[in-house]
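# turn this into a model:
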Amino acid sequence: MKSLSRRRQGFTLIELLVVIAIIAILIALLVPAVQKVREAAARAQCQNNLKQMGLACHMYNDTYKKLPPGWVVANSGNPAPSPGWSWSCVILPYIEQGPLFNTINGGAPPDLKTPGAPPAATANTPIMSVIPIYRCPSDSATDTNSNFGNYSTTNYVCNRWVLGPDDKAAPLPTSLAVNRIPDGSSNTILIGERDMTWNIAGSAFIRHSATSASFEGRMGRGISPQPPAGTKYNTGSEQRLAFSSQHTGGANFVFVDGSVHFLSTSLDCDPNDAYTNFMGVNSVNFNGQRLELPSDGQPISASF
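From the prediction side, this is the model:
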């Protein structure tokens, strides 16, 4: 009996292999679940970021009776600063970043009626500040965006049809307000995502001279277009202007009424509408373009 007891004190090799196999199976089942939970948390944080930006735009609207300009331009007839200040700079006082706004813009008024050119992107200066709500946690973008002169990165770009400027020849801010959206504020996109893993993201605080994609996004042929495997879009790609994200199956948007929606990559958009197309958009038979255009007069399908 003593001899039998001594022989049963340890595990056999087969028993150990079975235990290891069971643990491996459990890990394989657990890892995807953990990843899903993590992505759900990141997506929720991204939606909260957009909610805060939408609220800031509403507060600006309450003060100035119009929404903030997408890109602050000079008075009529004068050239616009390029680089120039963007909507993400204008709303800083309304996201509890008033001191930063005053510092990086030399104390100019929040409506930026007398805009000057932004300073250079110099390390450890206020204009290089990273604002947490301007970054989507699902995107592993660096803090500085090499696509736009190494200014700070943002994962959010505006709908230029709403915030303007609305005329390339003589850029002037639009006068749209929350209560003056012809199609209704609940049917019109205000701000959406753009990632830096596949795309070029955006530039915090400024409209960079490289491309208006630094501050604005467009529906074009659809949300989150995919580049060829192993590549990414650049500032010369048409898709640089697309809304895109690192969330699975779509991207987050805040509408003019302040509501936040996750729009799927399956959202119907005009397959012939180039992302670089702006003033000539006539694709009103698609939900993507109807959500982008504030005055197309077309109903939105409930499927979006």
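# please count neighbours and contacts with C-alpha atoms only from this point.
Fine.
# surely Ser152 meets Asn124?
No: counting by C-alpha atoms under 8 Å, Asn124 is not a contact partner of Ser152; they are 11.2 Å apart.
# so between those two, which is more surrounded?
Remark: of Ser152 and Asn124, Ser152 carries more neighbours, 23 against 8, as counted by other C-alpha atoms under 10 Å.
# show me what counts as buried in stretch 284-299.
Applying a neighbour-count criterion of 16 or more other C-alpha atoms under 10 Å, one finds 284, 286-296, 298 buried in stretch 284-299.
# my guess is Leu267 contacts Leu291, does it?
No: with the criterion set as C-alpha under 8 Å, Leu267 and Leu291 do not qualify as a contacting pair; they are 10.5 Å apart.
# ok, which stretches of this protein are helices?
In the chain, helices defined by DSSP state H lie at 2-7, 13-64, 87-90, 98-104, 160-163, 287-292, listed in chain order.
# for these, which one sits closest to Ser186?
Each of the helices of the chain has some distance to Ser186 by C-alpha to C-alpha; the shortest is helix 287-292, at 9.2 Å.
# for the closest one, give me every contacting residue.
Helix 287-292 is touched from outside by 159, 161, 187-189, 218-220, 222, 267-270, 283-284, 296, 298-301, 304, with contacts defined as C-alpha atoms under 8 Å, 6 or more residues apart in numbering.
# tell me the buried residues within these.
Neighbour counting over these (16+ other C-alpha under 10 Å) leaves 159, 161, 187-189, 218-220, 222, 267-270, 283-284, 296, 298, 300 as the buried ones.
# show me where the chain has its strands.
Assigned by DSSP state E, the chain shows strands spanning 84-85, 144-145, 151-154, 156-159, 189-193, 202-203, 206-207, 216-217, 250-255, 260-264.
# ok, Asn124 to Tyr151 distance?
11 Å (C-alpha to C-alpha, to the nearest Å).
# flag every buried residue along stretch 266-282.
With the criterion 16+ other C-alpha under 10 Å, stretch 266-282 contains buried residues Leu267, Asp268, Cys269, Asp270, Asp273, Ala274, Tyr275, Thr276, Phe278.
# same question, stretch 222-231
The neighbour-count check on stretch 222-231 (16+ other C-alpha under 10 Å) flags Gly222, Ile223, Ser224, Pro225 as buried.
# stretch 177-188 now?
Residues of stretch 177-188 classed as buried by neighbour count (16+ other C-alpha under 10 Å): Ala177, Val178, Ile181, Asp183, Ser185, Ser186, Asn187, Thr188.
# of all those, which two lie farthest apart?
Pairwise across the buried residues of stretch 177-188, and taking C-alpha to C-alpha, the largest span is found between Ala177 and Asn187, at 14.0 Å.
# residue contacts, the closest residue to Asn179 other than its chain neighbours?
Setting aside the residues directly before and after it, Asn179 is nearest to Ser185 in space (C-alpha to C-alpha, 6 or more residues apart in numbering), at 7.1 Å. Going by C-alpha under 8 Å, 6+ apart, Ser185 touches Val178, Asn179, Phe255, Val256, Asp257.
# export the residues you listed to JSON lines and tack on pLDDT and distance to Leu263?
As requested, the contacts of Ser185 are arranged in JSON lines below (pLDDT from 0 to 100; distance: C-alpha to C-alpha, whole Å):
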{"residue": "Val178", "pLDDT": "95", "distance to Leu263": "21"}
{"residue": "Asn179", "pLDDT": "93", "distance to Leu263": "23"}
{"residue": "Phe255", "pLDDT": "98", "distance to Leu263": "11"}
{"residue": "Val256", "pLDDT": "97", "distance to Leu263": "15"}
{"residue": "Asp257", "pLDDT": "96", "distance to Leu263": "16"}
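# of those residues, which is the nearest to Ser244?
Relative to Ser244, the closest of the contacts of Ser185 is Phe255; by C-alpha to C-alpha it sits at 16.0 Å.
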